[in-house]
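Enquirer: Predicted model, plus sequence, below.
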Amino acid sequence: MAAHGTYTPTKVIEEAKLDILAQTQEDDNAKWRRQVSRSFLSPTAEMYVYAVRASLGDDVYDEPCTKLLEQHMAKLTGKEALSCSPDTPKQPPYSVLCDHRAHIASWWTAFHSGAQLDYVIPLTGISHLDDIKEHVVLGSDITGTCPTAIIELENTLNGTIIPQQDVIEISEFAHANDIIMHLDGARIWHVAAETGTPLLCFSKGLGMSTSVLLWFRKLFGGGMRQTGFMSASAAYALTHHFPLLPGVHALTRKLEKGLEEIGVRITSRAETCMVFYDPSPIGVSYAEIIDRASKLPEPIKLGGSRLVVHIQTAEDTVDDFLAVIRKLAQEKKDAGFVYSEQQQKANGVGRSSIYVKVKASDLEKVQHQ
């Protein structure tokens, strides 16, 4: 900016101007989408074309496209309305009860609320009502306990579907005991594609640029003005991307089958769009796979044990990934590797969590070999 004392309106206006679009922006975007689709999901060009035609209302007062989306989603989910519902905020000391593998336990935390997290370790693969009852803390006595104020479910949980009947039973129990019920539905549209039970996140799975709908924004001082383009993106995703999810699930199962044929251990099966794997039975590390995949002519960006397929994942991406692992497995075999269950146990293989994220230091070791 100009030095203090030399400001003029003309200088400020000129210095404030900014053009962030490259001359080749459209071509760059097309190239970027192809590269990113090998690893992540992004909004499509067609979605943006549709979105910029949206209404230009102010959602603090009235936004036509957003209102239509809210009405549609209320009807679709069997709710009277989808809008802000004032309630008395729960203040610590209280606890949130969730599965020990839930994102709020392993990735996101209750840091800002100060809530304690209590964990359910279900006897089967998913939490049933009996699991919840065993761990819930009822009542309001805070002198020696931390009562459960929220029960949190995640559907899908690592790609595994929680049956709707279990959700209903847990929800009825929660409401009967004055406990808030929260469903993390980041991948709920994958559940809908398999079971016909819809809910509300538009980012993961459907490729919208933002995720959850906007129900509680005003309560926290976050009135969002021109929301029409976001509502239009959600409508486009519902109409054009949701029907693609059954194909995503089929491609994920192909990925799982290919991994098993190579000899890789599957640690969480492909019910929807995720599969978790352990490459140790073929003598390969996650770091080796990440390094090799990053060096493909069209790189694939990986992080560890979780593989996620989405609507922009091409079949050749899955084929390329399997080819990387197949080649590494053959290299290990040629070098004399022989799988031993006893040796794997001695080395500590078999983690309590199926999530394995590769450390930068482990990747650097592989790259310098």
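Expert: Done, it's in.
Enquirer: residue boundaries of the helices in the stretch 1-150 of the chain?
Expert: Listed in chain order, the helices of the stretch 1-150 of the chain (DSSP state H, counting those that start in this stretch) span residues 9-16, 25-37, 45-51, 64-77, 103-106, 129-135.
Enquirer: Switch those over to TSV; also include mean pLDDT, mean neighbour count and distance to Ala287.
Expert: Using the backbone N, CA and C atoms, a C-beta is placed for each residue, glycine as well. Output for the helices of the stretch 1-150 of the chain, formatted as TSV (pLDDT from 0 to 100; neighbours: other CB atoms under 10 Å; distance: least, CB to CB, whole Å):
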stretch	mean pLDDT	mean neighbour count	distance to Ala287
helix 9-16	76	10	46
helix 25-37	79	13	22
helix 45-51	89	16	35
helix 64-77	84	17	43
helix 103-106	75	18	20
helix 129-135	90	15	35
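Enquirer: Select, out of those, the one closest to Ile262.
Expert: Ranking those by their distance to Ile262 (criterion: CB to CB) puts helix 25-37 first, at 23.7 Å.
Enquirer: then the closest one to CSV, C-alphas only?
Expert: Output in CSV follows, covering the C-alpha atoms of helix 25-37 (Å, rounded to 0.1, in the frame of the first residue of the first chain):
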residue,chain,number,x,y,z
GLN,A,25,-7.9,-20.6,-16.2
GLU,A,26,-10.5,-22.8,-17.9
ASP,A,27,-7.8,-25.1,-19.3
ASP,A,28,-6.0,-25.2,-15.9
ASN,A,29,-9.3,-26.1,-14.2
ALA,A,30,-9.9,-29.0,-16.6
LYS,A,31,-6.3,-30.3,-16.1
TRP,A,32,-6.6,-29.9,-12.3
ARG,A,33,-9.9,-31.8,-12.2
ARG,A,34,-8.4,-34.7,-14.0
GLN,A,35,-5.4,-34.8,-11.7
VAL,A,36,-7.4,-34.3,-8.6
SER,A,37,-10.0,-36.9,-9.6
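Enquirer: List of residues touching it?
Expert: For helix 25-37, contacts defined as CB atoms under 8 Å, 6 or more residues apart in numbering pick out Ala22, Ser42, Thr44, Ala45, Glu298, Pro299, Gln312, Thr313, Ala314, Thr317.
Enquirer: From those, list the buried ones, please.
Expert: Ser42, Thr44, Gln312, Thr313, Thr317 (16 or more other CB atoms under 10 Å).
Enquirer: just the angle between the helix ranked longest in the chain and helix 25-37, please?
Expert: Longest helix in the chain, counting residues (DSSP state H): helix 315-334. Counting by axes from the mean of the first three to the mean of the last three CA atoms, to 10 degrees, helix 315-334 lies at 40 degrees to helix 25-37.
Enquirer: in helix 315-334, what counts as buried?
Expert: Thr317, Val318, Asp320, Phe321, Leu322, Ala323, Val324, Ile325, Arg326, Leu328, Ala329, Lys332.
Enquirer: For the third one, give me the pLDDT.
Expert: Looking back up the chat, that one is Asp320. On pLDDT, Asp320 comes in at 96.
Enquirer: where does the stretch 51-200 of the chain have low pLDDT?
Expert: Within the stretch 51-200 of the chain, the segments meeting pLDDT under 70 span 81-93, 106-114, 142-144, 196-200.
Enquirer: where along it do the strands fall?
Expert: Assigned by DSSP state E, counting those that start in this stretch, the stretch 51-200 of the chain shows strands spanning 95-99, 116-120, 148-154, 180-184.
Enquirer: Just put those in CSV and tack on mean neighbour count and distance to Val49.
Expert: Output for the strands of the stretch 51-200 of the chain, formatted as CSV (neighbours: other CB atoms under 10 Å; distance: least, CB to CB, whole Å):
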stretch, mean neighbour count, distance to Val49
strand 95-99, 24, 40
strand 116-120, 17, 43
strand 148-154, 22, 34
strand 180-184, 16, 31
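Enquirer: ok, so of the buried residues of helix 315-334, who is nearest Thr6?
Expert: Thr317 (55.1 Å).
Enquirer: thinking again about what came up before, among the contacts of helix 25-37, which has the minimum pLDDT value?
Expert: Out of the contacts of helix 25-37, that is Ser42, at 80.
Enquirer: Touching, that residue and Gln312? I think so.
Expert: Yes: in this structure, Ser42 is within contact of Gln312 by CB atoms under 8 Å, at 7.1 Å.
Enquirer: Give me the spatial nearest neighbour of His240, chain neighbours excluded.
Expert: Glu46 (7.3 Å; CB to CB, 6 or more residues apart in numbering).
Enquirer: From Arg38, how far off is that neighbour?
Expert: Plainly put, Glu46 is 20 Å away from Arg38 if you go by CB to CB, to the nearest Å.
Enquirer: Ok, Lys332 next?
Expert: In terms of CB to CB, Lys332 sits 25 Å off from Arg38.
Enquirer: Return the residues in contact with the residue nearest to His128 when sequence neighbours are not counted.
Expert: Leaving aside its sequence neighbours, His128 sits nearest to Asp166 (CB to CB, 6+ apart; 5.6 Å). The contact partners of Asp166, taken as CB under 8 Å, 6+ apart, are Ile126, Ser127, His128, Leu129.
Enquirer: go again using 10 Å as the cut-off
Expert: Ile126, Ser127, His128, Leu129, Asp131, Ile132, Leu153, Asn155 (CB atoms under 10 Å, 6 or more residues apart in numbering).
Enquirer: so which of the residues you listed comes closest to Ala234?
Expert: For the contacts of Asp166, the nearest to Ala234 is Asn155 (19.2 Å; CB to CB).
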